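predicted model, plus sequence, below.
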Amino acid sequence: MASKALISLSTLLLIHSCYSAHEHSLLTPASTSNALPLDIVIETILSVLLLCLGIVLGNKEELKPISWSVWSGMLEREKGCGQFGYLEERVGFLDIRVKRAEFAKWVKGAEEGSS
Amino acid sequence: MNAEEKDLQINPVVPENVVHNTKTITDIRSLTSSIFGIAAGILGLESYSGFIFYLLGSFIVSVMMVVFIAGGKPQNYFRSASEIWTTEVFSGSSLSSFILTWTLFFGLLRA
């Protein structure tokens, strides 16, 4: 949020300094030395620095650690599941006879209910 | 097996995160370099001073990235510690986008 405000403010500054430089180059005759006034220079440099700061702050918290151990530890702490979660949370053996009995009971119950 | 391979075996890296980090840096570089081009055009810099301005600006952006994004520890996020300072400064599209906006704004304001 702060970065967005910073970006919009410094963009306004940059546009204003660009406009001022344009007016300055229009209003001074070509024969005289047309160095920019100091305030336009300062405004330009300040706006560019603020704009860069806003862009950098807008991309904060985006880097991810490349070390596998650090990354896995972070995932396990924050999500409760690391990179090998699919290996750690596997079902044990199914008791297929109990499942069949349950299914048979359910089918019977459905038939009785419909008829 | 040389020392570097052995080090990789002991401390493996996550390739997706390396790619992601490099992409983040590349995005910031290409945005900021075109903004530096705008500033150089407004200031009316010519020849070497423009490139010195670009180098100085890239250095400042690198310092900002090290401090604010990497939290002062770029070795946690990149294979080599110098990567955050040098990626995309001369290679890739950053320098050409700087020259593009530099010449564009110079021409708009001074012509």
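Done, it's in. Residues are numbered from 1 along each chain as shown, chains lettered A, B, ... in the order given.

near chain B, which residues of chain A show up?
Chain A comes close to chain B at residues A:14, A:17-18, A:21-22, A:25, A:36, A:40-41, A:44-45, A:47-49, A:51-53, A:55-57, A:59-60, A:62-71, as judged by CB under 8 Å from any CB of the partner chain. Using the backbone N, CA and C atoms, a C-beta is placed for each residue, glycine as well.

which ones among those are found in strands?
Using DSSP state E to define strands, no part of the residues of chain A next to chain B is located there.

drop anything exposed from those.
Neighbour-count burial (16 or more other CB atoms under 10 Å in any protein chain shown) applied to the residues of chain A next to chain B gives A:14, A:17-18, A:21, A:25, A:36, A:40-41, A:44-45, A:47-49, A:51-53, A:55-57, A:59, A:63-67, A:71.

now do the helices in chain B.
Under the criterion DSSP state H, chain B carries helices at the ranges B:3-10, B:15-43, B:48-64, B:83-86, B:94-110.

so which of those helices is the most surrounded?
When you average the neighbours per residue for each of the helices of chain B (mean count of other CB atoms under 10 Å in any protein chain shown), helix B:15-43 leads with a mean of 20.

which residues touch the helix or strand that contains A:L75?
Secondary structure here is read from DSSP states H and E; on that basis A:L75 sits in helix A:68-79. Outside helix A:68-79, the residues within contact range by CB atoms under 8 Å, 6 or more residues apart in numbering or on different chains are A:64-65, A:81-84, B:11-14, B:17, B:76.

same check, this time on stretch B:12-29
Taking CB under 8 Å, 6+ apart as the criterion, the residues outside stretch B:12-29 that touch it are A:55-56, A:59, A:62-68, A:71, B:58, B:61, B:65, B:69, B:77-79, B:83-84, B:87-89, B:92, B:94.

mind checking how far that stretch is from the chain centre?
Relative to its chain's centre, stretch B:12-29 lies at 13 Å (CA atoms, centre = their mean, to the nearest Å).

next, count neighbours for the closest residue to B:I84 other than its chain neighbours.
The shortest distance from B:I84 to any residue that is not its chain neighbour, by CB to CB, 6 or more residues apart in numbering or on different chains, is 4.4 Å, and that residue is B:P74. Around B:P74 sit 21 other residues, with neighbours defined as other CB atoms under 10 Å in any protein chain shown.
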